[in-house]
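Visitor: When you get a sec, could you give me coordinates for this:
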Amino acid sequence: MTFTNHSAKVYIPETAKKSAGKTYLALAAHQDDIEIMAADGILKGFYGADCSFVAVVTADGAGSARDGRYKEYSDAEMANVRKTEQIKAAFVGEYEALYLLNYQSSAIKSANNISIAEDYAKILKKHKPQTVYTHNLLDKHATHLGVAVKAVKAIRSLPKKDRPLYFFGCEVWRNLDWLPDTEKVRFDLSAGENMQAALLGVFDSQISGGKRYDLATQGRRLANATYSESHSVDEVKSMSYALDLSPLIKDDTADIADFAMSKIEAFKKEAEEALKKAL
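Guide: This is a model prediction of the structure:
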């Protein structure tokens, strides 16, 4: 497979588990975004007898935050560390394949860049996933939004018969607990807590470098599980939320921004009605 960015790499772990039926695939911006937002697919790929998981990381990792032993690392050194960590995660999680597309963040954020969506489409055609995870369209990180929009465009470029059945926008740099319950997609992550911890733990450059994504991610999942229902005991121990993006790949005329804003309007309506009842 040839990519627009010739420095892109494909890594097949020695532990790779090839799908015998269902393939789950994540399109993410940065190293460790996959493990934060797509744990549902990773766990299904790892534990499912007929399942596998494919990871796609778009950015080169050069702009990552750094401190501690990594404080003086150059952007090139940091990029190499981040790629090595992501490869470790792919090995631990027995990913079928890991694609490191190695784009700069500026290219990902550019609305005029079409090459990334074209690369996504090539990967989607090869693996034919039933489920695709990406960033949610209300994420506050500009690079994440760039990936999410390009993911929609990539899937729309495929014939409808070749598109995934499910397409989810997941939590990273903005959680989705505010969504009305009717809008939430809930992923039960109660199983495989050791695997989740191991996957997050390999990203030492972030954890020891001043960003406790491991604790923050596990804490968010616990909080989602506990606060999901106020009038009953916890049904699950760990949960992540997603926004169902499938309508955007079923109707190619649907406006991406209007779709995202409709979720905010739904929240506004629910909050307003609840408050008025209390006044």
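Visitor: Sketch out the helices for the stretch 101-250 of the chain, chain order is fine.
Guide: 105-109, 115-127, 142-156, 193-201, 204-207, 213-227, 246-250 (DSSP state H, counting those that start in this stretch).
Visitor: of all the ones you listed, which lies closest to Tyr47?
Guide: If you check each of these against Tyr47 by Cβ to Cβ, helix 193-201 wins as the nearest, at 8.4 Å. Any C-beta I mention is one placed from the backbone N, CA and C, and that applies to glycine too.
Visitor: quick one on the thing from earlier: would you mind putting the helices of the stretch 101-250 of the chain into TSV with mean pLDDT, mean neighbour count and distance to Asp50 alongside?
Guide: Below are the helices of the stretch 101-250 of the chain laid out as TSV (pLDDT from 0 to 100; neighbours: other Cβ atoms under 10 Å; distance: least, Cβ to Cβ, whole Å):
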stretch	mean pLDDT	mean neighbour count	distance to Asp50
helix 105-109	94	18	33
helix 115-127	96	19	15
helix 142-156	98	23	23
helix 193-201	94	17	18
helix 204-207	89	21	33
helix 213-227	94	17	26
helix 246-250	98	17	22
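Visitor: Of all those helices, which one is nearest Glu85?
Guide: That would be helix 204-207 among the helices of the stretch 101-250 of the chain, by Cβ to Cβ, at 6.3 Å.
Visitor: quick one on the thing from earlier: mind putting the helices of the stretch 101-250 of the chain into TSV with distance to Tyr73?
Guide: Shown next, in TSV, are these (distance: least, Cβ to Cβ, whole Å):
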stretch	distance to Tyr73
helix 105-109	17
helix 115-127	26
helix 142-156	20
helix 193-201	20
helix 204-207	8
helix 213-227	18
helix 246-250	38
